[in-house]
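Student: How does the following fold in three dimensions:
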Amino acid sequence: MLVPSGQLSPLQQHLLREMDLCDLPAPETAPESYAARDLDTDEVRDALPTLLWSGLVEQRGGDRGTLRLTPLGAAALRAAECDELTARLSAVASFADTVSMGAAPRPAGLALRRLAEGTWTLEQAKSYVRTGETGADRS
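Tutor: Residues are numbered from 1 along each chain as shown. Modelled structure (predicted):
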């Protein structure tokens, strides 16, 4: 099976990332395991059929068995992470144009760091350099 087209939802990506670290019990068996990972068991239960059907995750031992990331799931996770990093690098490069237009060094440095970390979007970084606010700061 090929890597499924389309993007992973944030929940799917979070769940696959957790399964990349270790196998997980079925949500019904150990809901506390999901709570400790900041995952809602109801949302996980809703997402699992798609992940199982697409071959990104496999379940060993029946409905109450262990959930495991498949090689296809690992490939889809890496592709999603690559897409995320590519978008972030593109935003950093675009922000360089804003900085080259004469932005003050201190706000530009903070905005660049937050943009590179993925904390701010490109629009928030540009707004901070222009106005001192990200747009989300306004109450």
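Student: Stretch 66-74 spans what distance, first to last residue?
Tutor: Counting by CA to CA, to the nearest Å, you get 17 Å between the two ends of stretch 66-74.
Student: now stretch 55-65
Tutor: 16 Å.
Student: Can you give the distance of it from its chain's centre?
Tutor: The chain centroid and the centroid of stretch 55-65 are separated by 23 Å, computed with CA atoms, centre = their mean, to the nearest Å.
Student: Which helix or strand lies directly C-terminal to the helix or strand encompassing R106?
Tutor: R106 is located in helix 105-117, with elements delineated by DSSP states H and E. Using DSSP H and E, the helix or strand that follows helix 105-117 towards the C-terminus is helix 122-131.
Student: and the lowest-mean-pLDDT helix or strand in the chain, what other elements does it pack with?
Tutor: Every helix and strand in the chain was compared by mean pLDDT, DSSP states H and E; the lowest is helix 105-117, with a mean of 84. Contacts defined by 3 or more CB pairs under 8 Å, 6 or more residues apart in numbering; DSSP states H and E place helix 105-117 against helix 71-100, helix 122-131. The way it works is simple: take the backbone N, C-alpha and C, and place the C-beta from them, glycine included.
Student: Buried deepest among these, which one?
Tutor: helix 122-131 (a mean of 18; mean count of other CB atoms under 10 Å).
Student: which residues sit against it?
Tutor: With contact meaning CB atoms under 8 Å, 6 or more residues apart in numbering, helix 122-131 is reached by 91, 94-95, 98-99, 103-104, 107-108, 110-112, 114-115, 120, 133-136.
Student: Good, we can wrap up now.
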